[in-house]
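**Q** Here you go, sequence then predicted model.
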Amino acid sequence: MSSLWQKAGGFTRALSGLLRNRRDTRRIDSVAAVQDFVASRSAYVAQKTLYGYVKARMGTRYPRMFDDERLIASLNIAKMQVYAACVSDLTIYAVANALHDQPLGNDARQAMAARCYRAALRENTGDASEQFSAQDCIDGFDRRLANTDWRSAARQPDNFTASPQALARWAPIADKLKKFDTEIVENSVKFAWRDVREQYRNRLDAALIAADWSREQTT
C-alpha cells in the first residue's frame with residue numbers, strides 16, 4: 001500500500017482482509033459472506049482507481065505531495081465518497097444476483113441490500129472527516145433502492161453507474177484538467193469491476209444465501 005494512501009487513511013480493515021484472502025475460492029454462501037465481499041472489493045476498487053488517477057496526474061510531482069496537507073485532506077474526502085459509491089454499485093449487483101430466481105419479493109432484496117450497504121459504511125468510515133456524511137450516503141442509497149429494477153438491470157454491468165461518476169467528481173484534481181479525463185477515468189472504474197463480478201459469480205451459492213436470509217427473518 002502506498003505511503004500516500006496510508007497517510008490519507010486507507011480502508012485498513014477491508015483491505016487487510018482482501019489481501020489475506022485474495023486467492024480465496026470458498027463459496028459465498030451466507031449474508032455475512034456477501035457483506036464481506038462487498039466491503040472488501042469496494043475498498044479495493046476505490047483505492048486502485050482513485051490512487052491510480054491521482055498518481056498519474058501528479059506525474060513527477062508525486063514525491064512532493066506526501067507533505068501537502070491540503071491534498072491529503074482532499075484525498076480523505078474523495079476516498080470516502082468513492083468508496084460509498086463503489087459499495088452502492090456492488091451491493092445492488094451482489095444482492096440482485098444472490099436472490100435472482102429465489103422465491104423472495106423485492107422487499108427482501110431491498111432489505112438485504114440496505115443491510116449490506118450500512119455494514120460496509122459502518123466498518124470503513126469511522127475515521128471519516130466531518131465533511132463526509134455517512135447518513136447522506138445512506139439516504140441516497142435508499143432512494144436508489146426504491147427505483148431499482150431487481151429482475152434485470154441490477155444484475156448487469158450497466159448498473160455500475162455511481163462509482164465511475166464519483167471518481168470523476170471527487171478526485172482531488174483541478175477541474176481544468178479533470179474535464180479532459182472524464183471518459184478515461186470512468187472507463188477505468190468500469191474495467192476494474194470486471195474481475196470483481198467474475199469472482200462473485202464463480203463463488204456464489206444463491207440458494208444458500210437465500211436460505212440464510214429467510215432463516216434470519218424468522219428467528
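**A** Nice, thanks for sending it over.

**Q** from here on, contacts and neighbour counts on C-alpha atoms
**A** Noted.

**Q** So, low pLDDT: which residues of the protein?
**A** The model of the chain has pLDDT under 70 over residues 1-23, 60-66, 126-129, 219.

**Q** Which parts of it are helices?
**A** Secondary structure of the chain (DSSP state H): helices at 3-8, 12-20, 31-58, 69-98, 106-124, 134-146, 162-170, 175-178, 182-203, 206-217.

**Q** Need the winner for burial among those.
**A** Among the helices of the chain, helix 69-98 has the highest mean neighbour count (mean count of other C-alpha atoms under 10 Å), at a mean of 24.

**Q** I'd like to check the angle between that helix and helix 106-124, please.
**A** On the basis of axes from the mean of the first three to the mean of the last three C-alpha atoms, to 10 degrees, helix 69-98 is oriented at 150 degrees to helix 106-124.

**Q** quick one, helix 69-98 and helix 134-146 angle?
**A** Interaxial angle of helix 69-98 relative to helix 134-146 (the same axes, to 10 degrees): 30 degrees.

**Q** Can you check what angle separates helix 69-98 from helix 31-58?
**A** Calculated by the same axes, to 10 degrees, helix 69-98 forms an angle of 140 degrees with helix 31-58.

**Q** Who are the packing partners of helix 69-98?
**A** Secondary-structure packing of helix 69-98 (3 or more C-alpha pairs under 8 Å, 6 or more residues apart in numbering; DSSP states H and E): helix 3-8, helix 31-58, helix 106-124, helix 162-170, helix 206-217.

**Q** 6 Å instead, please
**A** Counting contacts by 3 or more C-alpha pairs under 6 Å, 6 or more residues apart in numbering; DSSP states H and E, helix 69-98 packs against helix 31-58, helix 162-170.

**Q** For the shortest one, what is the distance to the chain centroid?
**A** When you say that, I think you mean helix 162-170. Centroid displacement of helix 162-170 relative to its chain, using C-alpha atoms, centre = their mean, to the nearest Å, is 11 Å.

**Q** Which residues does that helix contact?
**A** Under the contact criterion C-alpha atoms under 6 Å, 6 or more residues apart in numbering, helix 162-170 has outside partners 78, 82, 85-86, 182, 186, 189.

**Q** do you know how far the residue nearest to Q102 when sequence neighbours are not counted is from R57?
**A** Leaving aside its sequence neighbours, Q102 sits nearest to A210 (C-alpha to C-alpha, 6 or more residues apart in numbering; 6.8 Å). To R57, A210 is 44 Å away according to C-alpha to C-alpha, to the nearest Å.

**Q** and if you look at A85?
**A** 22 Å.
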